[in-house]
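*Asks:* the following comprises the amino acid sequence and a computationally predicted model.
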2 protein chains.
Amino acid sequence: MEENGAVRRTDDGTAAVTSVDETLRARASRVVPGGMYGHLNAAELPRVFPQFYVSGEGCRILDVDGNEYIDFMCSWGPIVLGHNHPAVEAAVAAETLRGVCLNGPGEVLVELAELLTAEVTHAEWAMFGKNGTDATNMGLRIARAATGHSKVLIARRAYHGIGTWSLPPGSDGVTEADRADTIYFEYNDLDSLDAAIAEAGDDIAAVIVTPIRHEVHRDLDLATPEFAAGVRSRCDATGAQLMIDDIRCGFRMDLAGSWEGLGIRPDLTAYSKALANGHPLAALVGSEHLREAAGRITATGSFWFAAPPMAAAIATIQTLKAEDGIARMAASGLKFQQGLRDQAKSHGFEVSVTGPPQLPFMSFAADASEEKAFAWTSECAARGVYLHPFHNWFLNAAHDEPAIDDALARTDAAFAALRTGFGSD
Amino acid sequence: MEENGAVRRTDDGTAAVTSVDETLRARASRVVPGGMYGHLNAAELPRVFPQFYVSGEGCRILDVDGNEYIDFMCSWGPIVLGHNHPAVEAAVAAETLRGVCLNGPGEVLVELAELLTAEVTHAEWAMFGKNGTDATNMGLRIARAATGHSKVLIARRAYHGIGTWSLPPGSDGVTEADRADTIYFEYNDLDSLDAAIAEAGDDIAAVIVTPIRHEVHRDLDLATPEFAAGVRSRCDATGAQLMIDDIRCGFRMDLAGSWEGLGIRPDLTAYSKALANGHPLAALVGSEHLREAAGRITATGSFWFAAPPMAAAIATIQTLKAEDGIARMAASGLKFQQGLRDQAKSHGFEVSVTGPPQLPFMSFAADASEEKAFAWTSECAARGVYLHPFHNWFLNAAHDEPAIDDALARTDAAFAALRTGFGSD
């Protein structure tokens, strides 16, 4: 791969005025509020991070100015096998040739539901939507329909989509009533969960947790076995339905369930992102006792029954299994994590490398303002490695050993550049 | 086209036990709550309506048993140019080859936002999601963010997606708080709107209306000019933001805006369904004064920035314009509507044919139980014409004159069969 910078970047890694990305940002600023929105908005990142892209192949992506990156964000999760994966795209193309949106689902809906209920240990049924938010919203509604109760308990600062019940206090356009039934606890803290349960009284419908603590601007924490078991036992005691929001971690940790290694099974699991290797699909799967309530809620969308993304999901899961994709992501991620630790040490920086290897993250010590994180990830981006300063990263199954070696050579140079700017710790 | 029935249907139009559709329904009943869910659930339709499909081409679809239908539902709206439209699919394939989900949007996001703001008269900016519900939810949040108010006024029984604020009273899994800020009025009734405004007091954020009254189980009503003008003037007087929920009618009535013919422009318009000829996409467009508030809300989804559906939308809109698609749908729809009126009369049935010709509907007089509607649409389905007994229908631009003639020949036979069963009115 060529060193980046020929087209868009100047020597100091900043953007040339004439870049395609710059031109598109200017055009977007006229017709898109704020110039862009949502989690892929590059405005909150240093200017060296592009906003617009043209293509991806395996673990590499290309921006509109022709700069290539080893991609450790995978579109913030969806790409789990690699960009433009042949088996997935062939399955999608075959379905698409027949029609993208008919008057009912195709056989693939049944096949995918059968596959998910076979793979996910607790799952006896499945429903599909388009957004992760569709899945978490459906799950909450089913828990409420089943229990007849209203309150939902979520970890403070956890992200569960854009359902207004889950958005942070003070979010624009969210009313008091929207969040009236939401009660917070602290992740990995059973005392705080007990307090939340007490506050809910006899009106508790659901406890919703992510399988790991993966807030932005923070190191990742695995769920402690005590916490996972304690959440389960408290749900059993109160009748609250336990939903794992596996939208970010699903299909990267354990196909049987992200808490299966802890021996804990939820009542509902929400999936999206990696389910169909980038094709738009979400799934909610549930235990048998919630089947009846699941059949009662109103849940639908114009494109929810389209076959091509379901064909993509079947191909994605089958490929992950056939190629032992999760184990390979874990091995590559472990090598990447250890490489970063070693490099940081050799350059005199104190860092914290956390998270499951498939979804790693690195932060700098004494970097509350994230100045070093922004500077180092900028140096990485300028060298063709796409890492995020404050959001966990994602590997995909195309991150093979040569790709990790290539990435580590560049991150090492980024550490060296950082030392020039900041000195060592 | 062959007469349907060879594979699946028996002589009386009921299903053979060994049909593929039946087998898939049985499999689905084990892994999908209730066997199916959502608006494409065939369980609420007579058994002659299939649940599962394999393909579509132009204005025709094929079910899993090989029965072909002239399709007047178009997947409940999304297919506006015809199934498997070459220009749309070519645009999608070209984008898909490059990647389906990258670390930011492609140039097509900017192009599509420019196209929508150029076509839709009031629109100065655009945002994109996946579901119609994404667009209506975003619009309401923007109206609340802009006004600092909470209340939303909607027509009783109108469908605005599955945002809990808009679901009917008594919906399973919806709490009191979810609907605490929703106030109802009657469509085409300004007195009831005034009463709703009085109830909202000084806390009114938005009035949300569909461009026509298109409830299920009811004839369609166009908005009266007085109603449309009255809604606009009351929004101007109170500061409420007017959103047209154009998810069902958009791209079939007027590209400039579905109330443009009435001279009324909203502050927000929500689109989805036909926007990308079946590819999963929604759009919210807005007037200049809401740009700042639009930039403040949290609105995002895993697949919202994917390029292929945006390429599909650009191709869809350009093709609609180039081929005068709306006018052609209107002409074909008018011929179909008049043909049905004539046939009903000749067979001695009193019917009501309503709606814009592009989104027609027909009901029988004195048919409160919808017995005749179910019987006649069943006779139509058995003869290869897919019409719905209680939901408005949709034409697409591939419904040419021969297709309408073909359909009318079959609907005539269905009327004859209905007379055998019911006698004339």
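*Replies:* Thanks, I have the structure now.
*Asks:* C-alpha only now, for contacts and for neighbours.
*Replies:* OK.
*Asks:* where's residue A:281 relative to chain B, distance?
*Replies:* 8 Å (CA to the nearest CA, to the nearest Å).
*Asks:* my guess is that residue contacts residue A:131. True?
*Replies:* Yes - contact criterion CA atoms under 8 Å: residue A:281 and residue A:131 qualify, at 6.4 Å.
*Asks:* those two: who's more crowded?
*Replies:* Using other CA atoms under 10 Å in any protein chain shown, the more surrounded residue of residue A:281 and residue A:131 is residue A:281, with 33 against 29.
*Asks:* pLDDT value on that one, please?
*Replies:* pLDDT for residue A:281: 98.
*Asks:* my read is that residue A:254 contacts residue A:326, right?
*Replies:* Yes - Residue A:254 lies in contact with residue A:326 (CA under 8 Å); the separation is 7.4 Å.
*Asks:* residue ranges with poor pLDDT in the stretch 251-400 of chain A?
*Replies:* Nowhere does the stretch 251-400 of chain A drop to pLDDT under 70.
*Asks:* against chain B, how distant is the residue nearest to the spatial centre of chain A?
*Replies:* Nearest to the mean C-alpha position of chain A, counting by CA atoms, centre = their mean, stands residue A:248 at 3.0 Å. Separation of residue A:248 from chain B (CA to the nearest CA): 10 Å.
*Asks:* ok, that residue - contacts?
*Replies:* For residue A:248, the contacting residues are A:77, A:271-274, by CA atoms under 8 Å, 6 or more residues apart in numbering or on different chains.
*Asks:* where does it sit: helix, strand or coil?
*Replies:* What DSSP: H, G, I helix; E, B strand; the rest coil gives for residue A:248 is coil.
*Asks:* residue A:54: what secondary structure?
*Replies:* strand.
*Asks:* residue contacts, it?
*Replies:* Counted by CA under 8 Å, 6+ apart, residue A:54 has contacts A:61-64, B:98-99, B:106-107.
*Asks:* so which of those residues are in helices?
*Replies:* B:98, B:107 (DSSP state H).
*Asks:* now render the contacts of residue A:54 as TSV, adding neighbour count and pLDDT.
*Replies:* Listed next are the contacts of residue A:54 as TSV, based on neighbours: other CA atoms under 10 Å in any protein chain shown; pLDDT from 0 to 100:
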residue	neighbour count	pLDDT
A:61	27	98
A:62	23	98
A:63	24	98
A:64	21	97
B:98	20	90
B:99	27	89
B:106	26	98
B:107	22	98
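*Asks:* confidence score at the residue nearest to the centre of chain A?
*Replies:* The model's pLDDT for residue A:248 equals 98.
*Asks:* circling back to that earlier point, pick out whichever of residue A:254 and residue A:326 has more residues nearby.
*Replies:* Remark: of residue A:254 and residue A:326, residue A:326 carries more neighbours, 22 against 16, as counted by other CA under 10 Å.
*Asks:* the residue nearest to that one when sequence neighbours are not counted: neighbour count?
*Replies:* Excluding the flanking residues, the one nearest residue A:326 by CA to CA, 6 or more residues apart in numbering or on different chains is residue A:252, at 5.6 Å. Using other CA under 10 Å, residue A:252 is surrounded by 27 other residues.
*Asks:* now swap in residue A:236 and tell me
*Replies:* Residue A:236 has 12 nearby residues by other CA under 10 Å.
*Asks:* contacts for the helix or strand harbouring it?
*Replies:* Using DSSP states H and E, residue A:236 sits within helix A:225-238. Applying CA under 8 Å, 6+ apart, the contact partners of helix A:225-238 are A:188-190, A:193, A:204, A:206-207, A:240-242, A:259, A:262, A:264-266.
*Asks:* any idea how far the helix or strand that that helix is followed by is from the chain center?
*Replies:* Remark: after helix A:225-238, the chain's next helix or strand is strand A:241-245, criterion DSSP H and E. Offset of strand A:241-245 from its chain centre (CA atoms, centre = their mean, to the nearest Å): 17 Å.
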